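>>> here is the input, now give the coordinates:
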Amino acid sequence: MGKYFGTDGFRGEANVDLTADHAYKIGRFLGWYYSRIKAETGSNEAARIIIGKDTRRSSYMFEYSLVGGLVASGADAYLLHVTTTPCVSYITKVDAFDCGIMISASHNPYYDNGIKLISSKGEKMDESVTDIIEQYLDGEYEPSGLPFANKDRIGKTVDYVSGRNRYIGYLISLGLYSFRGIKVGLDCANGSSWNIAKAVFDALGAETYVINAEPDGTNINRNAGSTHIKALQRLVKEKRLDVGFAFDGDADRCLCVDEKGNVVDGDGILYIFGKYMKEKGFFSNGTVVTTVMSNFGLYKAFEKLGINYAKTDVGDRFVYEYMSRNGCKLGGEQSGHIIFSKYATTGDGILTSLKMMEVMLSRKKKFSELCEGFIPYPQLLVNVRVADKKAVRTDSDVVAAVKYAEEKLGTEGRILVRESGTEPVIRVMAEAKSEELCNECVYSVINTIKNKGYEVKE
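As a prediction, this is how the structure comes out:
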């Protein structure tokens with residue numbers, strides 16, 4: 001990870017860690033960078049860069065700042081307005097844009113925001129580019145000839161809401177079965193999916209019940225969406241729905257709730273679709289790509305089914321890179337970032353929900369029945385907000401507490417302590433045969449972190 005750009009873009013509190021000035025400079029750099037590439041290929045056309053945003057109040061500020069920088073450097077800025085991260089990825093690729101930008105802090109609270117950069121292939125931007133941007137932001141690199149465009153070389157802004165509509169049409173086209181007669185709950189987290197998800201499910205014939213689809217700029221992810229799924233669980237049980245799907249702020253994640261009100265996380269989704277692909281003979285490469293955070297129970301279930309699996313570092317970037325290198329069709333994270341490489345280059349929450357509907361309708365089973373055969377190990381994950389993640393990870397007392405927990409768990413479990421790639425947070429996770437042992441191991445590490453004075457109160 002770089003100084004500013006982590007595993008999922010440049011993220012932080014709006015106008016504290018990530019400012020309007022940062023956004024303007026990023027726009028200036030990208031406008032110059034892609035205009036230069038165009039010129040080097042002999043093209044006289046302006047660079048074309050597309051921008052989407054989520055529903056945070058600060059997203060408008062960052063959008064206008066980015067646009068100002070882009071057009072000042074001679075690039076044309078195309079605006080998708082409020083849309084999802086996978087929409088920006090899809091349209092960047094299919095409409096041959098030079099670059100895509102998504103303004104979002106995903107599942108973070110409203111006062112945070114972020115800038116995600118997407119390559120012309122619809123993939124997360126290569127670190128070689130973000131490294132140069134960071135140098136430019138710090139004044140360590142000043143590109144020669146970064147003038148302001150003038151006269152007819154000044155860039156223009158183009159309303160491109162048609163791209164968002166085309167993405168909705170693409171999602172609808174992936175529905176292989178009619179949803180008629182199926183009662184579906186959707187939790188849109190007051191975020192990017194609020195005006196997209198219902199349109200897709202309605203078009204496919206579902207009886208759709210939607211919550212948290214009234215964004216006001218400050219309620220994104222607030223007691224809503226995939227990180228606060230109890231509201232969807234209540235909806236499913238009260239309305240006696242067949243299934244529910246919860247998205248996060250930019251809708252690149254999806255978690256499910258079965259008809260009994262039980263949560264099915266990313267591991268469950270990988271199990272359901274991995275088993276489905278094997279049964280249907282869809283595996284040209286029979287490897288499901290997971291991260292080190294996936295549950296032991298998932299691997300045990302895959303082994304019984306004869307499904308190969310791989311593990312990567314945490315982050316859908318690393319999952320996709322492995323999938324791309326090895327020709328894998330399915331991968332994802334426990335948090336609900338699921339990648340279906342035949343259809344998308346990034347996690348897509350709405351696409352994931354459609355694929356879960358496909359399995360349920362194809363197999364003619366209740367959603368709870370799709371999880372049969374997957375028995376998760378007891379797992380506990382606790383986040384601690386800290387000022388200095390590296391100091392915590394290298395503290396001798398914290399290291400000793402982790403070693404004690406590892407010895408306690410032996411070969412029947414594991415403990416994982418890692419830095420969040422998107423937040424000032426240390427994540428401590430343990431798996432064991434009992435919840436009591438999970439609690440003991442996690443809190444022995446957590447209490448050490450707190451006793452050493454690293455915790456920062458929100």
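>>> tell me the contacts of the residue in the chain sticking out farthest from the centre?
Largest separation from the mean C-alpha position in the chain: residue 151, at 40.0 Å (Cα atoms, centre = their mean). Applying Cβ atoms under 8 Å, 6 or more residues apart in numbering, we find residue 151 in contact with no residue. Every C-beta, even on glycine, is put in place using the N, C-alpha and C of the backbone.
>>> phi first, then psi, for it.
Per-residue torsions, residue 151: phi 50, psi -130 (degrees, to the nearest 10).
>>> got it, and residue 357?
Torsion angles at residue 357 (phi, psi; degrees, to the nearest 10) stand at phi -60, psi -40.
>>> what's the closest non-adjacent residue to it?
Counting by Cβ to Cβ, 6 or more residues apart in numbering, residue 357 lies nearest to residue 179, which is 6.3 Å off, once chain neighbours are set aside.
>>> could you do residue 292 as well?
Leaving aside its chain neighbours, residue 292 sits nearest to residue 311 (5.4 Å; criterion: Cβ to Cβ, 6+ apart).
>>> at which residues are the helices of the stretch 301-450 of the chain located?
Assigned by DSSP state H, counting those that start in this stretch, the stretch 301-450 of the chain shows helices spanning 316-326, 349-363, 389-394, 396-409, 435-451.
>>> just the stretch 151-300 of the chain next, same as before
161-173, 197-203, 230-239, 266-280, 296-305.
>>> got a list of contacts for the first one?
Read it as helix 161-173. Contacts for helix 161-173 (Cβ under 8 Å, 6+ apart): 50, 52, 78-81, 83-84, 86-87, 90-91, 94-95, 196, 199-200, 203-204, 350-351, 354.
>>> out of those residues, which end up buried?
The neighbour count (16 or more other Cβ atoms under 10 Å) marks 50, 52, 78-81, 83-84, 86-87, 90-91, 196, 199-200, 204, 350-351, 354 as buried among the contacts of helix 161-173.
>>> show me those residues that map onto strands.
Counting by DSSP state E, the buried ones among the contacts of helix 161-173 place 50, 52, 78, 79, 80, 81 in strands.
>>> okay, the residues you listed in CSV with pLDDT and distance to residue 434 next?
Conversion of these to CSV gives the following (pLDDT from 0 to 100; distance: Cβ to Cβ, whole Å):
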residue, pLDDT, distance to residue 434
50, 98, 50
52, 98, 45
78, 98, 54
79, 98, 53
80, 98, 48
81, 97, 50
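>>> got CSV for the residues you listed, with distance to residue 133 too?
Compiled in CSV, these are given as follows (distance: Cβ to Cβ, whole Å):
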residue, distance to residue 133
50, 18
52, 19
78, 20
79, 21
80, 22
81, 24
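>>> circling back to that earlier point, between the helices of the stretch 151-300 of the chain, which one is closest to residue 323.
Among the helices of the stretch 151-300 of the chain, the nearest to residue 323 by Cβ to Cβ is helix 266-280 (12.3 Å).
>>> so, low pLDDT: which residues of the stretch 51-200 of the chain?
Flagging of the stretch 51-200 of the chain using pLDDT under 70 yields the residue ranges 145.
>>> check the gap between residue 311 and residue 381 for me.
Note on residue 311: its distance to residue 381, by Cβ to Cβ, to the nearest Å, is 17 Å.
>>> give the contact list for residue 274.
Contacts for residue 274 (Cβ under 8 Å, 6+ apart) come out as 288, 302, 305, 307, 330.
>>> residues near the nearest residue to the second one once chain neighbours are set aside, how many?
By that I understand residue 302. Leaving aside its chain neighbours, residue 302 sits nearest to residue 309 (5.1 Å; criterion: Cβ to Cβ, 6+ apart). Residues lying near residue 309 (other Cβ atoms under 10 Å) number 19.
>>> returning to that earlier point: let me have the contacts of residue 274 in a markdown table, extended by distance to residue 275, neighbour count and pLDDT.
Conversion of those to a markdown table gives the following (distance: Cβ to Cβ, whole Å; neighbours: other Cβ atoms under 10 Å; pLDDT from 0 to 100):
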| residue | distance to residue 275 | neighbour count | pLDDT |
| --- | --- | --- | --- |
| 288 | 10 | 27 | 96 |
| 302 | 9 | 24 | 95 |
| 305 | 6 | 14 | 93 |
| 307 | 7 | 21 | 94 |
| 330 | 11 | 27 | 96 |
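>>> ok, so of those, who is nearest residue 320?
Nearest to residue 320 out of the contacts of residue 274 is residue 330 (Cβ to Cβ; 11.5 Å).
>>> okay, how far is it across stretch 303-310, tip to tip?
End-to-end distance for stretch 303-310: 12 Å, by Cα to Cα, to the nearest Å.
>>> for residue 424, give its distance to residue 387.
Distance of residue 424 to residue 387, computed by Cβ to Cβ: 7 Å.
>>> then residue 29?
Applying Cβ to Cβ, the value for residue 29 to residue 387 is 29 Å.
>>> more neighbours, these two?
Remark: of residue 29 and residue 387, residue 29 carries more neighbours, 22 against 11, as counted by other Cβ under 10 Å.
>>> just say helix, strand or coil for the more buried one.
For residue 29, the assignment made with DSSP: H, G, I helix; E, B strand; the rest coil gives helix.
>>> contacting residues around it?
Counting by Cβ under 8 Å, 6+ apart, residue 29 makes contact with 69, 73, 132, 133, 136, 143, 146.
>>> residue nearest the centroid of the chain?
Centre-nearest of the chain using Cα atoms, centre = their mean is residue 252, 4.3 Å out.
>>> and it, its phi and psi?
Dihedral angles of residue 252 (phi, psi; degrees, to the nearest 10) stand at phi -100, psi 0.
>>> check whether it really touches residue 345, as I assumed.
No: counting by Cβ atoms under 8 Å, residue 345 is not a contact partner of residue 252; they are 11.2 Å apart.
>>> and the contacts of residue 274, which is closest to residue 370?
residue 305 (13.3 Å).
>>> mind giving me the domain ranges of the chain?
The chain resolves into domains spanning 5-162, 174-371, 379-451 when parsed by automatic domain parsing.
>>> and the ones you listed as a markdown table, adding distance to residue 168?
Output for the domains of the chain, formatted as a markdown table (distance: least, Cβ to Cβ, whole Å):
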| stretch | distance to residue 168 |
| --- | --- |
| domain 5-162 | 8 |
| domain 174-371 | 6 |
| domain 379-451 | 27 |
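>>> now residue 322: how far from residue 311?
9 Å.
>>> those two: which is more packed in?
Using other Cβ under 10 Å, the more surrounded residue of residue 322 and residue 311 is residue 322, with 19 against 14.
>>> including distance to residue 225, could the contacts of residue 274 go into JSON lines?
Formatted as JSON lines, the contacts of residue 274 follow (distance: Cβ to Cβ, whole Å):
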{"residue": "288", "distance to residue 225": "25"}
{"residue": "302", "distance to residue 225": "28"}
{"residue": "305", "distance to residue 225": "31"}
{"residue": "307", "distance to residue 225": "30"}
{"residue": "330", "distance to residue 225": "23"}
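>>> residue 117 contacts residue 129, correct?
Yes: under the criterion of Cβ under 8 Å, residue 117 makes contact with residue 129 at 7.3 Å.
>>> more neighbours: which of these two?
Shown here are residue 117 and residue 129; by other Cβ under 10 Å, residue 117 has more neighbours (20 against 16).
>>> perfect, I'm done here.
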